[in-house]
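**Q** structure, please.
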Amino acid sequence: MISSRKLVLAGAVLALSTSVAFAQETKDNDVPVGPGQSADTVFGPDGFGYIGYDSDEPQCSYNFIDISATGTFVGEGDDQGFPVNLPGAGFSFYGSNYTTLAMTSNGYISTDSTDTGPDLSNDCPLPATPSTGGGARLYPLHDDLDAEPGVGTLLFQYFASCPRPSGAVAGEGCYVFQWNDVEHFPGGSGITFTFQAVLYEASGAIAYQQGPGNPEAGSGSTTGIQNLAATDGLTYACNTADSVVADSAQCIFNPAFPPLPIVDSAATFTVEKTFDDGNPGEVEVTISCNTGLPLEQSTDISEGDGVVFIVGDFADGDMDCVITETGGSEGYDVSYDAGAGATDEGCSFEGVLLNSGYACSISNTLLPVTFEVTKEWIDENPQFNGSTYAEASYNCFGEQFFDHFGGLSFLGNPSTDSFDVFPHWDGGTTCTVTENLVEGGIEVDSSDCQSVSVLVGGSASCTIVNTRLYEGIPTLSQYGLGVLALLMLGMGFVAVRRFV
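**A** Residues are numbered from 1 along each chain as shown. Coordinates of the predicted model:
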């Protein structure tokens, strides 16, 4: 006979066992809950304008950036989140720029840097209000994942020039978040897999890259994005078997920077330029090739803009091209960056391959304008021809970097001295030269040196004229001369009588 005490204990154990089993089922999100959404090779746009492609489309390449040996350790554990500070310019997402993001062990990134990562129930489809936490979110693979110590780790690395091109802006930097050797909860299966999110610094493009080993392949996870209010989002796939497969990528482009055009049997050359003084003016850039069509192309681009030249009809590896700035750079030093192909003369590309993309960055550095001041002397006394020393001061206003002043000195006739000016691109730079205090009897004319305009790429000069006045005996009139003659004659008579 079983005592009532034992029956109570047995009931408590059964209740506890049932509770643990329920908690385990809730915790382990391998079994999809709610509706699913299958993957399309092109998905979107959402309300904001984001549009996505997977690696079956030419706009999205799978090019895994393995940072397992080079990345910075972010954290580890189950249902954890960690803030990550972004170097560089930060990341633009749904119209806001972020310099800190939270990376969580459950396969998502939040713009709420305080998110500690407990949200384990994947949101499907997007947009969807998260079960816990907030922030705008990026979901490379939102699932109940395990990054326990000794198994999985969360890693981060910044690249000033991304090893994987974004397909939107050439040569831009990127932030790589990598979930390295993680497992599905509760772990211990020995089946680990690695995936990453690549966020691009200039274009705000996003690339999710799925490594091999994930046994679910999307059957219980969500891949996509959504905004801060959870009112707008873009779903690639969720809760659908074989939707997020190994060695695949999903690329999402910001509407401000759509993917570059894809052309078969051709090469693309992306050109960007910058002025170090922010000049919004246009410059002309030209690409010249030894073969292919067209042989030469030119266009005008301004600060922050870019151009893509497309050249076709050439044999693979037989074409050489050079990109140069051919106009609009007067007053600037021009430099080129195209990796090993850059020279002082331009971006040089040899052995161009079909269906390949190349990048050329052009930088314009403001050059100073030399302002030359000449000192001239005019002497009314023809017998005076000696050299004379003088000093002057100058003041410049509206310069590009700062207003400044200084002194000049002159010795000789004529004599010159000069100073450098960095003019503002808007044409508002002026300089005035004033001679310092000079000795009496000198008339100074510095009207030529007042508020002289200095333009980018131009020249500037002025002249100060000093006139030395001759102070001799005043000229007498004819009556004065007569009186002087009588006085001299009278003095002569007195002298004669004295000696007689």
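**Q** use CA for all of it now, contacts and neighbours both
**A** Will do.
**Q** helices or strands up against the helix or strand that contains residue 158?
**A** When elements are defined using DSSP states H and E, residue 158 is found to belong to strand 153-159. For strand 153-159, the packing partners by 3 or more CA pairs under 8 Å, 6 or more residues apart in numbering; DSSP states H and E come out as strand 72-75, strand 174-184.
**Q** columns mean neighbour count on top of the ones you listed, output as JSON lines?
**A** As requested, the helices and strands packed on strand 153-159 are exported to JSON lines (neighbours: other CA atoms under 10 Å):
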{"stretch": "strand 72-75", "mean neighbour count": "17"}
{"stretch": "strand 174-184", "mean neighbour count": "26"}
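**Q** endpoints of stretch 93-111, how far apart?
**A** 9 Å (CA to CA, to the nearest Å).
**Q** and that stretch, what's buried?
**A** Neighbour-count burial for stretch 93-111 flags 93-94, 98, 100-111 (criterion: 16 or more other CA atoms under 10 Å).
**Q** between those, which is nearest residue 185?
**A** Nearest to residue 185 among the buried residues of stretch 93-111: residue 106, at 9.6 Å, using CA to CA.
**Q** so for the closest one, what's the pLDDT?
**A** As predicted, residue 106 sits at a pLDDT of 96.
**Q** correct me, but it touches residue 115?
**A** No: when contacts are counted by CA atoms under 8 Å, residue 106 is not listed as touching residue 115 (11.6 Å).
**Q** quick check: neighbours shared by these two?
**A** Residues touching both residue 106 and residue 115 (CA atoms under 8 Å, 6 or more residues apart in numbering): none.
**Q** list the contacts for the residue nearest to the spatial centre of the chain?
**A** Compute the mean C-alpha point of the chain, and by CA atoms, centre = their mean the closest residue is residue 202, 6.7 Å away. Counting by CA under 8 Å, 6+ apart, residue 202 touches 89, 91, 169, 172, 173.
**Q** pLDDT check: weakest of the residues you listed?
**A** residue 169 (84).
**Q** hmm, back to that, just the ones of the buried residues of stretch 93-111 in helices?
**A** Among those, DSSP state H puts none in helices.
**Q** closest to residue 137 out of these?
**A** residue 110 (4.6 Å).
**Q** quick one: contacts for that closest one?
**A** 101, 102, 103, 104, 134, 135, 136, 137, 138.
**Q** number of nearby residues for the nearest residue to it once chain neighbours are set aside?
**A** Take residue 110 and drop its neighbours on the chain: the residue closest to it by CA to CA, 6 or more residues apart in numbering is residue 137, 4.6 Å away. Using other CA atoms under 10 Å, the number of residues around residue 137 comes to 23.
**Q** residue 137 touches residue 226, doesn't it?
**A** Yes: counting by CA under 8 Å, residue 137 touches residue 226, with 5.5 Å between them.
**Q** considering the contacts of residue 202, which possesses the most neighbours?
**A** residue 91 (25 neighbours).
**Q** tell me the spacing between it and residue 349.
**A** Distance from residue 91 to residue 349, by CA to CA: 31 Å.
**Q** just residue 251 next, same as before
**A** In terms of CA to CA, residue 251 sits 28 Å off from residue 349.
**Q** more neighbours, the two?
**A** Legend: neighbour count by other CA under 10 Å for residue 251 and residue 349, higher for residue 251 (28 against 22).
**Q** from the contacts of residue 202, which is closest to residue 74?
**A** residue 91 (18.1 Å).
**Q** tell me the contacts of the closest one?
**A** 97, 98, 99, 199, 200, 201, 202, 204.
**Q** and those as CSV, adding pLDDT and distance to residue 420?
**A** Conversion of those to CSV gives the following (pLDDT from 0 to 100; distance: CA to CA, whole Å):
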residue, pLDDT, distance to residue 420
97, 97, 39
98, 98, 41
99, 97, 39
199, 98, 43
200, 97, 40
201, 96, 37
202, 92, 35
204, 97, 41
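**Q** which among those gets closest to residue 422?
**A** Of all the contacts of residue 91, residue 422 sits closest to residue 202, with 29.2 Å by CA to CA.
**Q** report the secondary structure state of the closest one.
**A** Per DSSP: H, G, I helix; E, B strand; the rest coil, the local secondary structure of residue 202 is coil.
**Q** roughly how far does it sit from residue 244?
**A** When residue 202 is compared with residue 244 (using CA to CA), they lie 27 Å apart.
**Q** backbone phi and psi for the residue nearest to the centre of the chain, please?
**A** Residue 202 adopts backbone torsions of phi -90, psi -40, taken as degrees, to the nearest 10.
**Q** ok, it to residue 164 distance?
**A** Counting by CA to CA, the gap from residue 202 to residue 164 is 14 Å.
**Q** got it, and residue 260?
**A** Noted for residue 260: a distance of 15 Å to residue 164, by CA to CA.
**Q** wait, residue 209 sits on residue 247?
**A** Yes: under the contact definition of CA under 8 Å, residue 209 touches residue 247, with a separation of 7.2 Å.
**Q** hey, what's in contact with both of the two?
**A** In contact with both residue 209 and residue 247: residue 62, using CA under 8 Å, 6+ apart.
**Q** ok, those two, which is more surrounded?
**A** Set residue 209 next to residue 247 and count neighbours by other CA under 10 Å: residue 209 wins out with 28 against 15.
**Q** next up, the contacts around the nearest residue to residue 429 once chain neighbours are set aside.
**A** Distances taken as CA to CA, 6+ apart place residue 398 nearest to residue 429, at 4.5 Å, with adjacent residues excluded. Contacts for residue 398 (CA under 8 Å, 6+ apart) come out as 423, 424, 428, 429, 430.
**Q** sounds good, over and out.
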